[in-house]
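Trainee: Here is my input; please provide its structure:
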Amino acid sequence: MKSPVKHDGNEQKSESDEGPVDFERAITLTGNGKFNYLLLLAMLPVCWANVYASTSMSYVLPSAECDLQLSMLDKGLLNSMSFAGMIITSFLWGFIVDAFGRRKIMVYGFLCTAICTLASSFCQASWQLILFKLVDGIVISGPYAALQSYLAEVHCEHLRSQMYMWMGVLFALGNISLSCLAWVIIPHKWQWDLMDGWIEITSWRLFLALCTIPGLAASVALYFFPESPRFLMAKKRHDDALRVFQRIYSINTGKDPSTYPVKFLEEEESSSKVSGVTFKQTVIGSFKQIQPIFLPPNVVTLVLTAFIQCGATIGSNTLRLWMPMLFSMIETYDHTHADGPATTMCNKIGETIYKNVTVAQNATATDVPQCSENVVNATVYINSIVISVASVIGYMIARSLVNIVSKRILMVICFVGAGSCCGVLYWAEDSNGILGISSVFVALSSIGGTIVNNVVVDIFPTSLRTMALSVTMVIGRLGAVIGNLLFPVLFSLDCLGPFIMIGSVCLMCSTLVLVLPRKKQ
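Mentor: I've put the predicted structure just below:
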């Protein structure tokens, strides 16, 4: 293998050296310019497609309840199926992305996601919609994993953290845009019958159909970007990788690609050992490499961070996804009891929820009760917009505070605050008060979960960070599934149940944060 180039700090000398250059040096010499800005612009539909895939169903539930005769458990399944699909294939996609490349998976993955979402808008039964949301989660997990790798492999080291920060901002904007789209479309009572009434198109189905736009836009936008040069180098396609570097350099600087200072790329060690290595040996080698993470003391830290992330996700992705449905129930109660006395949120929701009892399996056609449709007006979705905006503001405040207080203290504040909000929410009576408390809760629990990922990077050795993050994120998604399935079950027993669950989990997370090991020096 060719020896790496030594950099002595003399930029001119390094740039004029025509010897083999490693990946980090090659990507640094491409500069920062138009290519990076165009990629940032392309990330807008990419991030929004991920948000729409996991969150759109929560806005549909109030309107689809009567159309599909949804039970509370059905609603929990619809909210959780995308996360379940992501869990099922999360590790498999990692191997596929490494085998076939980042660009192909992103282009075709987002296209398939859009097709799947469009198909779900034509579903006429709850089981069909549940199945399509599961498939949607399975499919979207691939391009999302590819995106994480691609961003790291087309930016130099000092730009990567900035791109991930921007990705967080775009995800937050995606939540706001989704709420706005729901506000514009769903409250209208539009209805069209196709194929002599076999297919019914309503406003909520039109909303789902429009949710395909980010996926289609992401697929088209990413088609014009090159394959990851890091992936090409790993596959020994050094000439192709060099052409990608030259293209990025030319777009960023406006110069001719031939003026790119690098002429030869260093062969990566992982690539040089590919020949003659069987798949079985590769798998065994991979397990040996990650084995230390499942041994003391790393396994203790992994379990702690995974439980904290799971608890944070149970909090944020359970109540957040149920809020449009809960707001619709509250609006329904307020509409029918306009002159009635003030009462708690649970009383409002409880009276509304038991109006719509699903048909028992042994009921005849004449026994089917009429579904009492919830009030679905602009207020329901404006409240969701307020919650999304509050989260963006919360992230901006947290970004400033993290430089003043430690991440550990900030996490404790977030989880204790979220747990307290959950307790207060149970007794809230005023609609504006419910909205305010919900906004603070979602913001605090989401921020706490985000900081967990940063802490994982701090406390795990470099060689184990990627696996630690993967395990933590999978457990976090599992928390979203558990939370959304338990919420309706506990709610059917007593309204207090889900709030005790979420509040207790948040307080437990704050306790576990205190026993996390310190940052490794």
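
Trainee: Show me which positions of the helix or strand where Val456 lies end up buried.
Mentor: Using DSSP states H and E, Val456 sits in helix 431-459. Neighbour counts over helix 431-459 (16 or more other CB atoms under 10 Å) mark 431, 434-453, 455-456, 459 as buried. For glycine as for every other residue, the C-beta is placed from the backbone atoms N, C-alpha and C.

Trainee: Can you name the next helix or strand after it?
Mentor: helix 465-493.

Trainee: Remind me which helix or strand the spatially closest residue to Val515 that is not a sequence neighbour belongs to.
Mentor: Closest residue in space to Val515, ignoring its immediate chain neighbours: Leu304 at 6.7 Å, by CB to CB, 6 or more residues apart in numbering. For Leu304, the enclosing helix or strand under DSSP H and E is helix 298-336.

Trainee: what packs against that helix?
Mentor: The contact analysis (3 or more CB pairs under 8 Å, 6 or more residues apart in numbering; DSSP states H and E) places helix 298-336 against helix 34-67, helix 72-100, helix 345-353, helix 378-401, helix 407-427, helix 431-459, helix 465-493, helix 496-514.

Trainee: Show me what counts as buried in that helix.
Mentor: 298, 301-302, 304-333.

Trainee: Stretch 221-229 too?
Mentor: Ala221, Leu222, Phe225, Pro226, Glu227, Ser228, Pro229.

Trainee: List the buried residues in stretch 31-48.
Mentor: Going by 16+ other CB under 10 Å, stretch 31-48 has these buried residues: Gly31, Phe35, Asn36, Leu39, Ala42, Met43, Leu44, Pro45, Val46, Cys47, Trp48.

Trainee: Closest one to Arg160 out of the residues you listed, please.
Mentor: Set against Arg160, the nearest of these by CB to CB is Asn36 (11.1 Å).

Trainee: residues in contact with the closest one?
Mentor: Contacts for Asn36 (CB atoms under 8 Å, 6 or more residues apart in numbering) come out as His155, Leu159, Met163, Asn252.

Trainee: Leu70 now?
Mentor: Leu61, Ala64, Leu78, Ser126, Thr358.

Trainee: could I get those residues as CSV with distance to Met508 and pLDDT?
Mentor: Shown next, in CSV, are the contacts of Leu70 (distance: CB to CB, whole Å; pLDDT from 0 to 100):
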residue, distance to Met508, pLDDT
Leu61, 28, 88
Ala64, 34, 86
Leu78, 27, 92
Ser126, 33, 89
Thr358, 34, 42
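
Trainee: Where does the prediction get shaky in the protein?
Mentor: Across the chain, the ranges flagged by pLDDT under 70 are 1-19, 161, 195-198, 268-290, 338, 340, 351-375, 462-463, 466, 519-521.

Trainee: Walk me through the domains of it.
Mentor: According to automatic domain parsing, the chain comprises the domains 17-275, 286-350+374-521.

Trainee: so how far is the shortest one from its chain's centroid?
Mentor: Its chain's C-alpha centre and that of domain 286-350+374-521 lie 14 Å apart, by CA atoms, centre = their mean, to the nearest Å.

Trainee: and what of the longest one?
Mentor: Taking CA atoms, centre = their mean, the mean C-alpha location of domain 17-275 is offset from the chain mean by 11 Å.

Trainee: heads up, I number from 443, so please use that
Mentor: Sure, I'll start numbering at 443, so the last one becomes domain 459-717.

Trainee: So which bits of stretch 567-577 are buried?
Mentor: Buried residues in stretch 567-577 (16+ other CB under 10 Å): Ser568, Leu571, Ile572, Phe574, Lys575, Leu576, Val577.

Trainee: what residues does stretch 828-845 touch?
Mentor: 610-611, 614-615, 617-618, 620-621, 762, 765, 852, 856, 877, 880-882, 884-886, 888-889, 892-893.

Trainee: Contact partners for Trp490?
Mentor: So Trp490 contacts Leu612, Leu615, Gly616, Ser619, Leu620, Pro656, Ala660 (CB under 8 Å, 6+ apart).

Trainee: From those, pick the one nearest Asp781.
Mentor: Distances from Asp781 to the contacts of Trp490, taken by CB to CB, are shortest for Leu620, at 34.9 Å.

Trainee: The closest one against Tyr494, yeah?
Mentor: Yes: assessed by CB atoms under 8 Å, Leu620 is found in contact with Tyr494 at 5.8 Å.

Trainee: okay, and the common contacts of those two?
Mentor: Cys653.

Trainee: which of these two has more neighbours?
Mentor: Tyr494 (29 against 25; other CB atoms under 10 Å).

Trainee: What separation is there between Leu503 and Cys937?
Mentor: 18 Å (CB to CB, to the nearest Å).

Trainee: Of the two, give the one with the bigger neighbour count.
Mentor: Leu503 (24 against 18).

Trainee: quick one, what contacts the more buried one?
Mentor: Leu512, Lys517, Leu520, Asn521, Pro766, Met767, Ser770.

Trainee: Any chance of these in TSV with distance to Ala556 as columns?
Mentor: Listed next are the contacts of Leu503 as TSV, based on distance: CB to CB, whole Å:
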residue	distance to Ala556
Leu512	24
Lys517	24
Leu520	19
Asn521	21
Pro766	23
Met767	25
Ser770	27
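
Trainee: Go through the helices and strands packed on helix 740-778 and name the closest to Arg679.
Mentor: helix 514-542 (13.2 Å).

Trainee: Against which helices or strands is that closest one packed?
Mentor: helix 476-509, helix 544-562, helix 568-595, helix 740-778, helix 907-935.

Trainee: let's see it at 6 Å
Mentor: helix 476-509, helix 568-595, helix 907-935 (3 or more CB pairs under 6 Å, 6 or more residues apart in numbering; DSSP states H and E).

Trainee: Need the ones you listed in CSV (columns: distance to Leu553).
Mentor: Formatted as CSV, the helices and strands packed on helix 514-542 follow (distance: least, CB to CB, whole Å):
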stretch, distance to Leu553
helix 476-509, 10
helix 568-595, 9
helix 907-935, 23
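
Trainee: Out of those helices, flag the one nearest Val626.
Mentor: Using CB to CB, the helices and strands packed on helix 514-542 put helix 476-509 closest to Val626, at 11.3 Å.

Trainee: angle of the closest one against helix 514-542?
Mentor: If you take axes from the mean of the first three to the mean of the last three CA atoms, to 10 degrees, helix 476-509 sits at 150 degrees to helix 514-542.

Trainee: In strands, which of the contacts of Trp490 fall?
Mentor: Among the contacts of Trp490, no member falls in strands (DSSP state E).

Trainee: Ranking by neighbours, what's the top pick from the residues you listed?
Mentor: Ala660 (28 neighbours).

Trainee: for it, what are its contacts?
Mentor: Ala660 makes contact with Pro487, Val488, Ala491, Phe552 under the criterion CB atoms under 6 Å, 6 or more residues apart in numbering.

Trainee: isn't the first one right next to Leu658, touching?
Mentor: So the one you mean is Pro487. No: contact between Pro487 and Leu658 fails when scored by CB atoms under 6 Å: they sit 8.1 Å apart.

Trainee: Phe752 - nearest residue in space that isn't next to it in sequence?
Mentor: Careful, residue 752 is Cys and not Phe. Cys752 sits nearest to Gly921 (CB to CB, 6+ apart), 3.7 Å away.

Trainee: Now do the same contact list for the one you found.
Mentor: Here Gly921 is in contact with Cys752, Thr755, Ile756 (CB under 6 Å, 6+ apart).

Trainee: if we can go back for a sec, name the helices or strands packed onto the helix holding Val898?
Mentor: By 3+ CB pairs under 6 Å, 6+ apart, helix 873-901 packs against helix 740-778, helix 820-843, helix 849-869, helix 907-935.

Trainee: how close does the residue lying closest to Gly757 once chain neighbours are set aside sit to Cys788?
Mentor: Nearest residue to Gly757, sequence neighbours excluded (CB to CB, 6+ apart): Ser887, at 3.8 Å. Between Ser887 and Cys788 the distance is 20 Å, computed by CB to CB.

Trainee: Alright, that wraps it up for me.
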